[in-house]
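Asker: task: produce atomic coordinates for the following.
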Amino acid sequence: MSLRSRLIIPLARVRRGIRASEFALIALAVAIGAAAGLGTVILGAIARTLQHWMFALPTGQRLSATDSLTWAQLAMVPVGGGVLSIFSWGVRSKRRRMVDAVEANALHGGRMSVSDSLVVSGQTLISNGFGASVGLEAAYAQMGSVIASVAGAALQLRRSDLRNLVGAGAGASIAAAFGAPLAGAFYAFEIVIGAYTPSAIAPIAAAAISAVFVSQLFGAQPYVIDSFASIPAETHHYLLFAGLGGACALIGIALMRLVALVEQGVRATPVPDWMRPILGGLLLMPIAFWSPQVLSSGHGALHMDIAVGASLGFVALVFLAKASASIVSLGFGFRGGLFFASLFLGTLIGHLFAGVLEWLAGYPVVDPHNAAMVGMAALAVAVVGGPMTMAMLVLEATQDFALTGAVLAAALVSSTIVRETFGYSFSTWRLHLRGETIKSARDIGWIRTLTVGTMMRRETRATDSTLSIAAFRQRFPLGATSRVVLVDGEQRYAGIVQTPAAYADGLDPEAPVGSIAINGDVALSTELDIASVMKRFDASGADELAVIDGARHVIGILSESHVRRRYAEELEKAQNDLFGER
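Answerer: Numbers count the residues shown, from 1 in each chain. Predicted structure coming up:
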């Protein structure tokens, strides 16, 4: 027996076992979670090592918690922009269409590229390691999800199982990064899968727990925030915190739009692509000279600002500086996300909210530490999405159940406002700017595979539109066919004649049959997906539409009844996958 056969036969047995047994799928998820947790530890260690080397930091010192940095140290940020440009040129990133976990699950059934994921992670590591105001969470989730995608694709798992595993891998990475298995599990459901699926609960929970265990085994510390509120969160505070959630929603939308505006503005300038991160690094230097809190993701700065009270004026300045640094970093080409930046900025908004209320009322209305936690979750929900994800993150970080209720109320308000007025998270907003239309990770890939070209019936009986109605009646007796497609003298589409309409009373037998044709200005092209086709049928009111090519030559025909039937069949199949029919 050949080596290939020795490998393929056991793999086929494993594949059958996983497809037939939920226990086997859970065991696979545990292994994926362990790998994702280890990957998170490695990525975090590389980024911290880079920061200590580049900025000559003392052992154990966080970059964003540094009191001050010299101009020589800050020069590492534009140097990092140059390193990023060299790296991006070397891996030909401009020629790649990098797919993250959300896009993979929405459009590609969970399939991701290893090489592209390594490029994304490398760019994020360089950006964060050289101090750009971006987080590593994008790299964590990318590596965890691609591990799951590769494993699931190798085992040829069902589309629904592969999507769930990709969610499990991404969620496990987030769980490992924060030491928060509940937050990681809800991250998988809300952000990477796009729905709470019963069949995915056990595998995702197992992966998250496994990742946290492995990461802490290698020395990672859970994300814990001291909760020492002087005013406990009470039920009547929920309305106030709901207002904070609304404010965070508006700020989150503004932050995402500003990133896009700066990015578009930079692209409109004659500055070459390779120069943009360097220029961005130069712009970051004076901001970071004023306060190093704006650098990197902001882990150290968040803990420092919560522990040490500061004036409202200083907090407001730090907020503006951090927001500006994040906008400049992403707008000028550094790679990363706004996950942790939104957490940090949210705590600052919470402090400001509590301080303004105290100033207006003349006495403390809500505890500033509680307001910081609520603001942290509410702004993160506005930018990243996932109200339950952020509520669980606060719960696991503070162990304060009363506060978690207030956090959830504010998170739901924030989520609702963003969903109704903006409709995107930061990741899907950037996909929208790239031309995609997805607003979540819900699986719409099957809709895009159902195109006119795959559903149409070939049409070979096109008839000359100049044919007289009398001749048409002789050629097509009643009952012979329900409709006839017409073409003009140059074989271009000229409409559809419903056969009974040619036998109506009062028609001139010598008139051309094209005079009674309908839908001459409405047709389909082969690349349209089923959702677009149904909209076209609804708008035209037609029962059947012709399919034409670029030269308006008829190549097929498609009926509304067939489209509706195919849509119902595929939707039922997708719902069966969603609710875990194995």
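
Asker: Val318 touches Thr347, doesn't it?
Answerer: No - checked against Cβ atoms under 8 Å, the pair Val318 and Thr347 is beyond contact range at 10.1 Å. For every residue, glycine as well, the C-beta is placed using N, CA and C.

Asker: who has more neighbours, these two?
Answerer: A side-by-side neighbour count of Val318 and Thr347, using other Cβ atoms under 10 Å, places Thr347 first with 29 against 22.

Asker: a strand runs through Leu25, doesn't it?
Answerer: No - judged by DSSP: H, G, I helix; E, B strand; the rest coil, Leu25 forms no part of a strand; its state is helix.

Asker: ok, it to Asp161 distance?
Answerer: As judged by Cβ to Cβ, to the nearest Å, Leu25 and Asp161 stand 6 Å apart.

Asker: could you count how many residues lie near Gly489?
Answerer: Gly489, neighbours per other Cβ under 10 Å, totals 9.

Asker: give me the element it is part of.
Answerer: Counting by DSSP states H and E, no helix or strand carries Gly489.

Asker: just checking, it touches Gly514?
Answerer: No - using Cβ under 8 Å, Gly489 is not in contact with Gly514, being 10.7 Å away.

Asker: please enumerate the shared neighbours of those two.
Answerer: Common neighbours of Gly489 and Gly514 (criterion: Cβ atoms under 8 Å, 6 or more residues apart in numbering): Thr466.

Asker: next, the buried residues of stretch 516-531.
Answerer: Buried residues in stretch 516-531, counted by 16 or more other Cβ atoms under 10 Å: 516-519, 522-524, 528-530.

Asker: tell me which of Leu25 and Asp161 has more neighbours.
Answerer: Neighbour comparison, Leu25 and Asp161: the larger count goes to Leu25, with 27 against 24 (by other Cβ under 10 Å).

Asker: got the residue ranges for the helices in the stretch 351-500 of the chain?
Answerer: With helices called from DSSP state H, counting those that start in this stretch, the stretch 351-500 of the chain shows them at 368-384, 387-398, 401-421, 426-433, 445-449, 452-455, 469-475.

Asker: buried residues in the last one, which are they?
Answerer: To tie it back to what came earlier, the one meant is helix 469-475. Residues 469, 471-473 are the ones in helix 469-475 that count as buried (16+ other Cβ under 10 Å).

Asker: which one of those residues is nearest Ile191?
Answerer: Closest to Ile191 out of the buried residues of helix 469-475 is Phe472 (58.2 Å), distances taken as Cβ to Cβ.

Asker: not counting its neighbours along the chain, what's nearest that closest one?
Answerer: Spatial nearest neighbour of Phe472, chain neighbours left out: Val513 (4.4 Å); criterion: Cβ to Cβ, 6 or more residues apart in numbering.

Asker: Phe334 reaches Gly280, doesn't it?
Answerer: Yes - under the criterion of Cβ under 8 Å, Phe334 makes contact with Gly280 at 6.2 Å.

Asker: overlap in contacts of the two?
Answerer: 81, 132.

Asker: what's the local residue count around the residue nearest to Phe472?
Answerer: 27.

Asker: can you give me how far stretch 359-366 is from the chain middle?
Answerer: Distance, stretch centre to chain centre, for stretch 359-366: 39 Å (Cα atoms, centre = their mean, to the nearest Å).

Asker: what's next to that stretch, contact-wise?
Answerer: Here stretch 359-366 makes contact (Cβ under 8 Å, 6+ apart) with 230-231, 233, 237, 240-241, 312, 353-354, 357-358.

Asker: again, only this time at 10 Å
Answerer: 229-231, 233-234, 237, 240-241, 244, 312, 350, 353-358, 371, 374, 406 (Cβ atoms under 10 Å, 6 or more residues apart in numbering).

Asker: from these, keep the buried residues only.
Answerer: Judged by 16+ other Cβ under 10 Å, buried ones among those: 229, 233, 237, 240-241, 244, 350, 353-355, 357, 371, 374, 406.

Asker: pLDDT and distance to Pro58 added to those, as JSON lines?
Answerer: Shown next, in JSON lines, are the buried ones among the contacts of stretch 359-366 (pLDDT from 0 to 100; distance: Cβ to Cβ, whole Å):
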{"residue": "Ala229", "pLDDT": "63", "distance to Pro58": "32"}
{"residue": "Ala233", "pLDDT": "69", "distance to Pro58": "37"}
{"residue": "His237", "pLDDT": "82", "distance to Pro58": "40"}
{"residue": "Leu240", "pLDDT": "92", "distance to Pro58": "41"}
{"residue": "Phe241", "pLDDT": "93", "distance to Pro58": "38"}
{"residue": "Leu244", "pLDDT": "96", "distance to Pro58": "36"}
{"residue": "Gly350", "pLDDT": "93", "distance to Pro58": "30"}
{"residue": "Phe353", "pLDDT": "95", "distance to Pro58": "34"}
{"residue": "Ala354", "pLDDT": "92", "distance to Pro58": "33"}
{"residue": "Gly355", "pLDDT": "91", "distance to Pro58": "32"}
{"residue": "Leu357", "pLDDT": "92", "distance to Pro58": "38"}
{"residue": "Ala371", "pLDDT": "92", "distance to Pro58": "32"}
{"residue": "Val374", "pLDDT": "94", "distance to Pro58": "34"}
{"residue": "Ala406", "pLDDT": "90", "distance to Pro58": "38"}
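
Asker: output those as TSV; include the columns distance to Leu182.
Answerer: Formatted as TSV, these follow (distance: Cβ to Cβ, whole Å):
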residue	distance to Leu182
Ala229	21
Ala233	19
His237	23
Leu240	26
Phe241	21
Leu244	23
Gly350	22
Phe353	26
Ala354	26
Gly355	31
Leu357	30
Ala371	23
Val374	18
Ala406	17
